[in-house]
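>>> 3D model of this:
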Amino acid sequence: MRETERIPFHANWIWAEHNDQKNDWVAFRKSFSVTEVPKQAELLISADTKYWLYVNGRLAVNEGGLFRESLPGCGYADRVDIACYLQPGENVIALLAWFYGNEGRNNVNSGRAGLILESASLGLYSNESFLCRRHPGYGKVSGHTPAYLYGGDDISYRAGTDCEGFENPDFDESGFEPATVYQNEVWGDAYERPIPLHRLYPLQMLKEESTQGTVHCFTLPYAMTFSPYLRVEATGGEVIQIYTDHRATPGGPGDNSNMYNGHVFQYICKKGLNEYRFPAYIYGEHLYLEYTAALAPDVGVCESGFDCDITGSFHCDSDILNRVVEKAARTLYVCMRDNFMDCPDRERGQWIGDVSVQAPQVMFLLSKNARKLMKKAIYDFINLRKGDVLVGNVPGANFSELPGQSLNAISELGLLAQYYHYTGDLDVLQLAFEPAVNYLKLWSMDEQGLVRSREGGWPWFDHLNNVDAPVLENEWYYSALSFAQKMAQLLDDHRYDAFLAQRKQSIEAAFEKAFWQGKHYSSGSVVDERANAMAVLTGLCPKEHYNDICMVLISTFNASVYMENYVLMALCEMGFMKEAYLRMASRYYNLAVNENSTLWEDFFILGTTNHAWSGAPATIAFRYFLGIDTTDGFETFTVNPVKGLFQEMEASFATAKGQATVRVKGDQVEIIEK
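Numbers count the residues shown, from 1 in each chain. The predicted structure is shown next:
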């Protein structure tokens, strides 16, 4: 099952001669005539890997193309309406296409560059009539190699080549040749892009903040993914190196001794006036230009990103909480593009545990368009499974099964359940139900009635110390069984009722005896607040233990930012709202007060300064402190604010009908819907 429809192209895949070169940039042109400008003129375009589309010299698509795969061996196609760019008579479309030729955590390499384009209404079909040329201006930056974790490469651009301005209608095409047609032997079927084209923001000019030797620093208004822009007079041949404060990023906890290179851009000046915007993006909060010549460039950036808005907000008496929720929104946004990313500066991988933590934040903080990327993440997770194994980092070549994260995604707490809860979309449950049950069948039970551990590719439940894996694995597995039962009920599909019930009953009968130690849950000598929190959230912990569990959760601090989400939730579910707030304010203090506009990967071992799994306080603020909930996909919602914690609270968020604002002052609750 696929989220979008397959597109049966009638055109041909084309490229320049030899389509197996890495980091390959090719320019295409095609002239055509229209007697009258139509109201709609759709192009269907698929590229391996990215493209920029110009119509009559105007940029119509910035960074088109969506990372493979839609299904195993398949890709995506964009649907683009270019009617507003057309004119009566002669028209020219031009494309700059970039073939990565490599892959990472978010992309699968087909091994061959290619572009296919058609428009039935305009009579356009890519074939030998398209002219092309390998762009001589683009190359690789020597002496630098980006990390393997995400695709693409450094970009070096040499200004002044005879291909410059190829996108303009009056460009001299004499250096171009007919495109080479290639059989579709590697690209597979193309499915319509399920998310909008990326948004390109207006150019922002920057002021230089500081200079140290040949390095010039510019500060951005906030963390962003952006394309650098230059305007400079030069004598010719001057070289400008361009990078950000994320030129090299450390690994996360457990891998913090390693550094991972980001992309570096390079511009080689021509004589006279140079004006250029790099087509691809880099990420950072500070932009650095390095050059030795006596240049004085004007520098700007064009931010780009997923086509949605930060519409949610939260304010209360706590500056710490306000700041963390604000940073959570920015973190969410910079971790979205072709897929959800754990971070845009080191991996760009769609780790499914991260997305599970993000899911409710997306519903509260972002406009409804963002839910399309959440739905795509679910389809990626299910459709790109490996046999019956649900792997936690697809699309991408560097995937691995982390059973703890995959179980999270199909649990009552994870991606599937959260998406359904806030949208009411049964399609994802129909897609996921049988694969989820088949995944659960991969576990066997031991003689006690508990699950036997499955290592998968990486037996990971959280970073660093005192992870009580036996308890956590049983809890995540039990929660996944519970949500499978709910899916069966909602879908009226009862094929697996006996299996699910028997497994749940087995764990219920064994859990307390095996793990309750009188004051806490443990499989041995370790006291792990994560394992104790999950006992509450799964319902395996009886209420008479709540006071003891609360003592564990307010006195034990092993959790990374990822699992802190569930510790805070457990305190709130037990009714210990003040304790949840105090733990949050203490643990997130450094993340709130630092200069970064996004949230760090961890509390103490920094890793990235922005990480998708870090926004738990936003969920706690909306769901628990304000008590906002829905049972019908936000057609309606309820508000049940906690009393006595804050004097005032105010939040705004998207609903099915528009935007809602909730104001709480003392015992007074005001709800405004627009």
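>>> So residue 436 is in contact with residue 481, correct?
No. In this structure, residue 436 is not within contact of residue 481 by Cβ atoms under 8 Å, at 9.6 Å. C-beta: built from backbone N, CA, C; applies to glycine.
>>> Compare the two (neighbour count), which wins?
Set residue 436 next to residue 481 and count neighbours by other Cβ atoms under 10 Å: residue 481 wins out with 29 against 26.
>>> Where does that one fall, secondary structure wise?
Using DSSP states H and E, residue 481 sits within helix 469-491.
>>> How far off centre is that helix?
Chain-centre distance of helix 469-491: 25 Å, with Cα atoms, centre = their mean, to the nearest Å.
>>> So which elements touch the following helix or strand past it?
Going down the chain from helix 469-491, the next helix or strand is helix 497-515, by DSSP H and E. Where contact means 3 or more Cβ pairs under 8 Å, 6 or more residues apart in numbering; DSSP states H and E, helix 497-515 is packed against helix 427-440, helix 469-491, helix 529-538.
>>> Could you list the residues in contact with the shortest one?
Helix 529-538 has contacts (Cβ atoms under 8 Å, 6 or more residues apart in numbering) with 412-413, 461-462, 467-468, 471-472, 475-476, 478-479, 482, 511, 515, 520-523, 541, 545-546, 549, 552-553, 556-559, 563, 566-567, 569-571, 573-574.
>>> Could you double-check that residue 49 sits in contact with residue 64?
No. Residue 49 lies out of contact with residue 64 (Cβ under 8 Å); the separation is 10.3 Å.
>>> Any stretches of the stretch 251-400 of the chain with poor pLDDT?
The stretch 251-400 of the chain contains no residues with pLDDT under 70.
>>> before we move on, what about the chain?
In the chain, residues with pLDDT under 70: 1.
>>> If we use 80, what do you get?
Low-confidence segments of the chain, defined by pLDDT under 80: 1-3.
>>> Where do the domain boundaries of it fall?
As given by automatic domain parsing, the domain ranges for the chain are 6-137+162-195, 201-305, 313-673.
>>> Can you tell me how far residue 2 is from residue 69?
11 Å (Cβ to Cβ, to the nearest Å).
>>> In terms of packing, which of these two has more residues around it?
residue 69 (22 against 15).
>>> Correct me if wrong: that one contacts residue 75.
Yes. Using Cβ under 8 Å, residue 69 makes contact with residue 75 at a distance of 6.6 Å.
>>> overlap in contacts of those two?
Common neighbours of residue 69 and residue 75, using Cβ under 8 Å, 6+ apart, are residue 188.
>>> picking up where we left off before, packing partners of the helix holding residue 481?
Judged by 3+ Cβ pairs under 8 Å, 6+ apart, helix 469-491 is in contact with helix 403-409, helix 415-423, helix 427-440, helix 497-515, helix 529-538.
>>> Chain neighbours aside, what residue packs nearest to residue 35?
With sequence-adjacent residues excluded and distances taken as Cβ to Cβ, 6 or more residues apart in numbering, residue 35 is closest to residue 88, at 6.7 Å.
>>> Now do the same contact list for that neighbour.
Residue 88 touches 34-37, counting by Cβ under 8 Å, 6+ apart.
>>> And the furthest pair within the residues you listed?
Farthest-apart pair in those is 35 and 37; separation 9.0 Å (Cβ to Cβ).
>>> residues near residue 271, how many?
Neighbour count of residue 271, defined by other Cβ under 10 Å: 13.
>>> For it, which residues are in contact?
Taking Cβ under 8 Å, 6+ apart, one finds 160, 234-236 in contact with residue 271.
>>> Derive a PyMOL selection command for the buried subset of the residues you listed.
A single PyMOL command selects the buried members of the contacts of residue 271 (16 or more other Cβ atoms under 10 Å):
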select buried, resi 160+234
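>>> show me where this structure has helices.
With DSSP state H as the criterion, the chain has helices at 319-334, 352-365, 370-383, 403-409, 415-423, 427-440, 469-491, 497-515, 529-538, 546-553, 561-573, 577-587, 589-593, 616-619.
>>> Figure out which of these is closest to residue 610.
Set against residue 610 and scored by Cβ to Cβ, the helices of the chain come closest in helix 319-334, at 5.2 Å.
>>> OK, contacts around residue 142?
Shown in contact with residue 142 (Cβ under 8 Å, 6+ apart): residue 156.
>>> Next one: it from residue 270, what distance?
19 Å.
>>> Okay, buried residues for stretch 260-271 please.
260-270.
>>> Please export the C-alpha coordinates of it as CSV.
The C-alpha coordinates for stretch 260-271 follow below in CSV (Å, rounded to 0.1, in the frame of the first residue of the first chain):
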residue,chain,number,x,y,z
TYR,A,260,31.5,14.5,11.6
ASN,A,261,32.1,17.0,8.8
GLY,A,262,29.3,19.0,7.3
HIS,A,263,29.3,20.5,3.8
VAL,A,264,31.6,23.3,2.8
PHE,A,265,30.9,25.6,-0.1
GLN,A,266,33.5,27.4,-2.3
TYR,A,267,33.1,30.3,-4.7
ILE,A,268,35.8,31.2,-7.3
CYS,A,269,35.3,34.7,-8.5
LYS,A,270,35.2,36.0,-12.0
LYS,A,271,36.5,39.5,-13.0
